[in-house]
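**Student:** Just to be clear, the model below is a prediction. Sequence and coordinates:
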Amino acid sequence: MTDIPALTQEQPGDDPDDVLFSQLYGLRTIELNRPKKLNSLNGSMARKIIGRLKEYSKSDLANIIVIKGAGRAFCAGGDVAALAQWNKNCEAHKSNDYFALEYKLDHLIASYQKPYIAYMDGITMGGGVGLSVHAPFRIATENTVFAMPETTIGFYPEVGASFFLPRMDGQMGIYLALTSEQLKGVDVFYHGIATHYLHSTSLDALSQRLAELQFKDYTPLQDRHKLIASTIAEFTTGLPNPRPTIHGALRKAIDMCFSRHTALEILAALQDLSESPSTSSDLKIWADKTIATIRERSPTGVAVSLREMQKGRGWSIARAFQNEYDISSHFMNHPDFVTGVYARLIERKKGRPEWKPSSLEEVKEEDVERFFTTPTPEAGGRLRLLESGEQADFRDYPHAWIGLPSEEEVLRVKEKGLMKEEVVQHFLREKDAKVGVREKVEEVLERLDE
């Protein structure tokens, strides 16, 4: 078992104010406080958050935890510049220590036994996704910008991405993983990354209302979640768009092209789509742009990311973090990570970084598979998580019912022979008339009928 006091002990150079903690009645608020760095997560912040979450879990006075960010970002990612500098100085062990700390925190959030709510108000990328996407409640606003941009810096989507991206509808997870495409505002809600969509001006009032909620000591966690869901619904207004930006023919094209087994097969499918006489001009432009985007990314990063998505469908939540720790350890010894971070984030060079190998055609199968082996003990070995037991090692999110119905759920109900409006009404009843249910179900059914 990990020694929590040692894990959370302050280290030289830690900023005492990089995370702020406050309380109001039963509400405990965690505020990421590095606005000039877009609240990028570092070891100092992770240690503090782990310590407080463990403290709150034992407190009868702490009913609900909210995490948010100061300034225009929730959290733009991990502090990868520091990791790249450590690797360049032959101190990769420091990077491995950071990943171990970050993944322990993310898994703690995924298995947390008190209501945890993430205000994804602003930029939410990379490490910020790890702090939010595994929570039962994830609130997007008009300011939310979601992305997993790791292939742009010679890396791969982690922080539990191997678990949540493959479980998105259709092939959306693979598309986001390989291209680093952004989702904004209400689209983050429509695609299931967020469970709710509110206007940012409602968040302070929501916190005040959450602070006033009271639970009996014996109230089951799911019943607490139901009360919180109904409370959030009090602050919900209409959605700004009746459909996500990615819908209809574009969404069908993503599912068709990104269902292929290899990255080269995905590129070939995109090329065929672009060259087909029956393809609309808009889809041709999208296909050509997507080909160029994937070719711009780290070939190793793209190939490993695709394999991660394919394997991750079968991983439990605990195994996902343990396997990602192995993959990340391997990446710390691969040249693309340092090359990508320095080119994109430190030196801000224009043009494509000098990836090695330079093209997807040069990436060997055995080199990809090597990322999915457990590193030597010197590299850290298997990751030991903070939590264990049934609640800490599930294969599907136990709180998935809180968000919109999945596409798979809609299809199962439709197969019963119900009419379109009957399917909509089924989910409105099941989801207590949740805002967004009608729009989501209608979009799925419309796409099936096209």
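**Tutor:** On my side now, so go ahead.
**Student:** For the lowest-mean-pLDDT helix or strand in the chain, which helices and strands make contact with it?
**Tutor:** The helix or strand of the chain with the poorest confidence is helix 4-7; it has a mean of 84 (mean pLDDT, DSSP states H and E). Contact here means 3 or more CB pairs under 8 Å, 6 or more residues apart in numbering; DSSP states H and E; on that basis helix 4-7 packs against helix 43-57. C-beta coordinates here come from the backbone N, C-alpha and C atoms, glycine included.
**Student:** ok, then the element right after the helix it packs on?
**Tutor:** Sequence order places strand 64-69 as the next helix or strand after helix 43-57, per DSSP states H and E.
**Student:** ok, and what's touching that next one?
**Tutor:** Residues outside strand 64-69 that contact it (CB atoms under 8 Å, 6 or more residues apart in numbering): 26-32, 35, 39, 49, 53, 56, 74-75, 112, 114-119, 121-122, 128, 131-132, 135, 203, 207, 210-211, 213, 228.
**Student:** partners of that strand in the sheet?
**Tutor:** strand 27-32 (parallel), strand 116-120 (parallel) (DSSP bridges).
**Student:** State the mean pLDDT of the first one.
**Tutor:** For strand 27-32, the mean pLDDT works out to 98.
**Student:** OK, contacts around the closest residue to Pro149 other than its chain neighbours?
**Tutor:** Closest residue to Pro149 apart from its sequence neighbours, by CB to CB, 6 or more residues apart in numbering: Ser180 at 4.2 Å. By CB under 8 Å, 6+ apart, the contact set of Ser180 is 147-152, 293, 297.
**Student:** Let's see that with 7 Å instead.
**Tutor:** Counting by CB atoms under 7 Å, 6 or more residues apart in numbering, Ser180 touches 147-149, 151-152.
**Student:** Break the chain down into its domains, please.
**Tutor:** Domain ranges of the chain: 4-243+295-397, 407-449, per automatic domain parsing.
**Student:** Please identify which of these is closest to Ala268.
**Tutor:** Of all the domains of the chain, it is domain 4-243+295-397 that lies closest to Ala268, at 11.1 Å by CB to CB.
**Student:** what's the spacing between the closest one and its chain's center?
**Tutor:** The chain centre lies 6 Å from the centre of domain 4-243+295-397; the measure is CA atoms, centre = their mean, to the nearest Å.
**Student:** in the stretch 101-250 of the chain, which spans are helices?
**Tutor:** 127-130, 161-164, 172-179, 186-190, 203-211, 221-233, 248-257 (DSSP state H, counting those that start in this stretch).
**Student:** Ok, the stretch 251-400 of the chain next?
**Tutor:** Counting by DSSP H, counting those that start in this stretch, the helices of the stretch 251-400 of the chain are 263-275, 281-296, 299-312, 317-331, 335-341, 365-370.
**Student:** Against which helices or strands is the third one packed?
**Tutor:** Yep, that's helix 299-312 we're talking about. helix 161-164, helix 172-179, helix 263-275, helix 317-331, helix 365-370 (3 or more CB pairs under 7 Å, 6 or more residues apart in numbering; DSSP states H and E).
**Student:** cool, and the first one?
**Tutor:** Here helix 263-275 touches helix 248-257, helix 281-296, helix 299-312, going by 3+ CB pairs under 7 Å, 6+ apart.
**Student:** center of this protein, which residue is that?
**Tutor:** Central residue of the chain (CA atoms, centre = their mean): Val129, 4.0 Å from the mean position.
**Student:** so that residue touches Val159, yeah?
**Tutor:** Yes - the pair Val129 / Val159 is scored as a contact, 5.8 Å apart, by CB atoms under 7 Å.
**Student:** Where does pLDDT dip in the protein?
**Tutor:** Applying pLDDT under 70 to the chain flags the ranges 1-2, 375-381.
**Student:** before we move on, back to that, Ala81: which of the helices and strands packed on helix 263-275 is closest?
**Tutor:** Each of those has some distance to Ala81 by CB to CB; the shortest is helix 299-312, at 17.3 Å.
**Student:** Tell me the buried residues in the closest one?
**Tutor:** 299-309, 311-312 (16 or more other CB atoms under 10 Å).
**Student:** Please apply the same query to stretch 24-42.
**Tutor:** 26-30, 32-34, 37-42.
**Student:** which ones are touching Glu409?
**Tutor:** Glu409 touches nothing, counting by CB under 7 Å, 6+ apart.
**Student:** can you give me how far the helix or strand where it lies is from the chain middle?
**Tutor:** For Glu409, the element it lies in under DSSP H and E is helix 407-414. Chain-centre distance of helix 407-414: 24 Å, with CA atoms, centre = their mean.
**Student:** tilt between it and helix 172-179?
**Tutor:** Relative orientation of helix 407-414 and helix 172-179, computed by axes from the mean of the first three to the mean of the last three CA atoms, to 10 degrees: 160 degrees.
**Student:** Quick check: which helices or strands does the following helix or strand past helix 407-414 pack against?
**Tutor:** Moving toward the C-terminus from helix 407-414, the next helix or strand (DSSP H and E) is helix 420-430. In terms of contacts (3+ CB pairs under 7 Å, 6+ apart), helix 420-430 is packed against helix 407-414, helix 437-449.
**Student:** if I look at Leu183, how far off is Asn96?
**Tutor:** Distance, Leu183 to Asn96, by CB to CB, to the nearest Å: 30 Å.
**Student:** Equivalent analysis for Phe163, please.
**Tutor:** Separation of Phe163 from Asn96 (CB to CB): 21 Å.
**Student:** The two: who's more crowded?
**Tutor:** More neighbours surround Phe163 than the other of Phe163 and Asn96, with 28 against 22 (other CB atoms under 10 Å).
**Student:** Just give the nearest non-adjacent residue to that one, would you?
**Tutor:** Nearest non-adjacent residue to Phe163 (CB to CB, 6+ apart): Ala320, at 4.0 Å.
**Student:** measure the residue lying farthest from the centre of the chain to Glu10 for me?
**Tutor:** Largest separation from the mean C-alpha position in the chain: Pro277, at 36.8 Å (CA atoms, centre = their mean). Distance, Pro277 to Glu10, by CB to CB: 65 Å.
**Student:** How about Ala343?
**Tutor:** 34 Å.
**Student:** Same list, the helices and strands packed on helix 299-312, but as TSV with distance to Ala62 please.
**Tutor:** Shown next, in TSV, are the helices and strands packed on helix 299-312 (distance: least, CB to CB, whole Å):
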stretch	distance to Ala62
helix 161-164	26
helix 172-179	33
helix 263-275	46
helix 317-331	23
helix 365-370	44
